[in-house]
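*Asks:* quick one, structure for this:
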Amino acid sequence: MSKGPISQFIEKYYLHFNSATVVDAAKAYEQQLQNGAKMMVTLAGAMSTAEIGKIFAEMIRKDKVQIISCTGANLEEDIMNLVAHSHYERVPNYRDLTPQQEWDLLERGLNRVTDTCIPEHEAFRRLQKHIHKIWKDAEDAGERYFPHEFMYKMLLSGVLEEYYEIDLKDSWMYAAAEKNLPIIVPGWEDSTMGNIFASYVIKGELKASTMKSGIEYMTFLADWYTKNSNNGVGFFQIGGGIAGDFPICVVPMLYQDMEMHDVPFWSYFCQISDSTTSYGSYSGAVPNEKITWGKLDINTPKFVIESDATIVAPLIFAYLLDL
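*Replies:* Below is the predicted model of the structure:
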């Protein structure tokens with residue numbers, strides 16, 4: 001298929017420095033898929049609140065991503081945007097806010113993420129009553145699931161339909177739920193829904209064991225990687241943090257700790273980040289450092305795009321979708 005105007009634009013004008021890396025990384029991602037490799041996309045930061053779902057959902061539908069690793073915040077904030085979009089508020093002058101103005105936002109139930117405020121009541125609480133029932137029903141049936149599996153159940157059950165405020169095709173979580181796409185959510189406890197679940201455990205209303213753990217996510221990922229890496233698995237990392245750090249370690253874990261010396265390295269690596277190399281920074285480390293940890297091979301195609309992921313990721317996705 002011929003490339004559309006966005007792809008043609010970046011091929012014509014993105015010729016040097018970070019912009020050239022955008023094109024190189026997009027072409028190498030495409031080549032990975034053409035070679036039969038699979039791709040993991042990791043989501044850190046507030047990409048869901050930035051509405052990456054508008055294009056990422058189509059990436060999922062078009063089989064451009066086979067597995068996702070994301071923070072608990074990204075897992076839930078896509079659904080929050082789905083059910084409470086009209087209640088969000090933009091604060092373009094967020095850099096000028098005084099502490100009192102920030103407090104006033106809190107008093108109004110608005111939790112700020114840079115220039116966007118998430119409405120606590122409409123977003124968090126609207127989901128809470130429904131997800132609590134799904135948690136409790138599973139526990140009463142003696143069943144245990146991963147955090148993303150509970151979210152899938154809630155989405156596919158239809159209980160949220162009365163609240164939808166955006167086009168369903170713009171929700172990447174719904175697209176993933178329809179495909180039952182594997183998702184890794186390391187450190188899920190560090191999220192609003194994770195905090196809420198913990199509160200029910202403290203109050204004795206739920207058991208911690210009803211929620212499958214991070215160790216179980218790692219063993220699930222190890223099994224998935226072993227079964228899906230014959231033609232390679234690429235690693236497309238948006239931001240830094242645990243969403244990327246956790247899953248990339250599955251390769252050295254299999255090689256070193258499981259002594260599976262035939263396990264392939266990640267076959268592609270790209271990171272979009274504004275974190276620069278500094279003293280001890282992992283997110284800002286150059287990809288070659290990962291060779292020393294047994295994550296990447298000498299010949300793994302490696303790209304670092306030092307830019308804003310909300311600008312760069314949609315461009316790369318547009319290229320992959322021939323837009």
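
*Asks:* and for the residue nearest to residue 82 when sequence neighbours are not counted, the neighbour number?
*Replies:* Spatial nearest neighbour of residue 82, chain neighbours left out: residue 171 (4.8 Å); criterion: CB to CB, 6 or more residues apart in numbering. The C-beta positions use only the backbone N, C-alpha and C, and glycine is treated the same way. For residue 171, the count of nearby residues is 24 (other CB atoms under 10 Å).

*Asks:* quick one: the strands in the stretch 51-200 of the chain?
*Replies:* Assigned by DSSP state E, counting those that start in this stretch, the stretch 51-200 of the chain shows strands spanning 67-70, 89-90, 110-113, 116-119, 183-184.

*Asks:* tell me which of these lies nearest to residue 279.
*Replies:* strand 67-70 (26.2 Å; CB to CB).

*Asks:* adjacent strands (with direction) for the closest one?
*Replies:* With DSSP bridges as the test, strand 67-70 is paired with strand 38-43 (parallel), strand 183-184 (parallel).

*Asks:* so who does residue 305 touch?
*Replies:* 18, 21-22, 25, 270-273, 312 (CB atoms under 8 Å, 6 or more residues apart in numbering).

*Asks:* how does it look with 10 Å?
*Replies:* 17-22, 24-25, 238, 270-274, 311-313, 315-316 (CB atoms under 10 Å, 6 or more residues apart in numbering).

*Asks:* just the buried subset of those, written out for ChimeraX, thanks.
*Replies:* Entered in ChimeraX, the line below selects the buried ones among the contacts of residue 305, by 16 or more other CB atoms under 10 Å:
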select :19,21,22,25,238,270,271,272,273,312,313,315,316
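
*Asks:* of the contacts of residue 305, which belong to helices?
*Replies:* Among the contacts of residue 305, the residues falling in helices (DSSP state H) are 17-22, 24-25, 311-313, 315-316.

*Asks:* identify, from those residues, the entry nearest to residue 32.
*Replies:* residue 25 (10.6 Å).

*Asks:* any idea how far that closest one lies from residue 68?
*Replies:* 18 Å (CB to CB, to the nearest Å).

*Asks:* same question for residue 225.
*Replies:* Counting by CB to CB, the gap from residue 225 to residue 68 is 14 Å.

*Asks:* quickly list what's touching both of those two.
*Replies:* Joint contacts of residue 225 and residue 68 (CB under 10 Å, 6+ apart) are 40, 247.

*Asks:* ok, the two, which is more surrounded?
*Replies:* residue 68 (25 against 21).

*Asks:* test my guess that the more buried one contacts residue 56.
*Replies:* Yes: shown here, residue 68 and residue 56 form a contact pair, counting by CB atoms under 10 Å, at 9.0 Å.
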